[in-house]
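In: 3D model of this:
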Amino acid sequence: MSEKFLLHVCCAPCSIAVIDELRTQYDLSILFFNPNIHPKEEYLRRKHEVIRICKEWDIPMLDQDYSTEEWDFATKGLEEQPEGGFRCNACFRVRLSWTAQVAAEGGFSRFGSTLTTGRYKKAAIINPIGEAAANRFGSRFHAEDWKKKGREALSRRMVKDRAMYEQNYCGCRYSLRDMHRREERKKALQKEA
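Out: Purely as a prediction, here's the structure:
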């Protein structure tokens with residue numbers, strides 16, 4: 001029997017190529033734990049696409065309830081941090097710590113996350129957070145930069161082929177707010193031109 005691997009996924013576009021790769025190497029299960037995603041309708045839309053992938057390939061999925069309290073607490077005071085700043089690090093810690101705990105309690109020999117697939121998500125920041133979570137809960141973290149080896153382009157093709165939903169912001173209320181601020185600035189500049 002192959003090794004049990006728990007993969008935390010953030011969304012289908014970031015996950016599909018990684019899931020496809022790992023499902024042939026491990027006894028793979030998916031964990032959808034993303035208390036950062038706002039609003040709840042967006043969370044459900046992203047979760048639906050992950051469920052779709054899991055059903056297509058008959059991969060078990062562990063679904064966590066939508067609850068933002070722990071994430072809200074972890075990011076308090078970091079609301080104005082830019083994407084990629086300290087708020088994101090706190091967000092990674094919440095999600096990877098929970099994944100490490102679920103992996104340890106569920107008998108998974110290792111866990112990983114598709115967080116490093118994101119265009120603005122740095123493996124040099126995320127992987128040490130995953131390693132620390134693994135050490136804390138006595139599990140093993142699979143450190144990888146999932147953007148590499150053509151996986152990003154492969155993911156785009158796979159998502160397009162399946163006509164899957166692709167979000168236009170990272171996920172949290174602050175990244176949504178910042179996206180709206182950028183759009184407003186762009187409109188204002190266009191009016192001035």
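In: make it CA atoms for all contacts and neighbour counts henceforth
Out: Fine.
In: And the helices in the chain?
Out: 12-22, 40-57, 69-75, 86-105, 123-137, 151-161, 173-192 (DSSP state H).
In: Comparing these by mean pLDDT, which bottoms out?
Out: Of all those, helix 173-192 carries the lowest average pLDDT, namely a mean of 92.
In: And that helix, what's buried?
Out: 174-176, 178 (16 or more other C-alpha atoms under 10 Å).
In: tell me the contacts of I126?
Out: Residues in contact with I126 (C-alpha atoms under 8 Å, 6 or more residues apart in numbering) are 89, 92, 115-116.
In: Now distance to V102 and neighbour count too, for the residues you listed, in TSV please.
Out: Listed next are the contacts of I126 as TSV, based on distance: C-alpha to C-alpha, whole Å; neighbours: other C-alpha atoms under 10 Å:
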residue	distance to V102	neighbour count
N89	20	17
F92	15	22
L115	17	26
T116	20	23
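In: Out of those, the closest to E56 would be?
Out: Closest approach to E56 among those (C-alpha to C-alpha): L115, at 21.8 Å.
In: okay but that closest one is in contact with I125, surely?
Out: No. Applying C-alpha atoms under 8 Å, one finds L115 not in contact with I125, separated by 10.5 Å.
In: From R46, how far off is E83?
Out: Separation of E83 from R46 (C-alpha to C-alpha, to the nearest Å) stands at 20 Å.
In: neighbour count winner among those two?
Out: Taking neighbours as other C-alpha atoms under 10 Å, E83 and R46 compare with R46 leading, 23 against 16.
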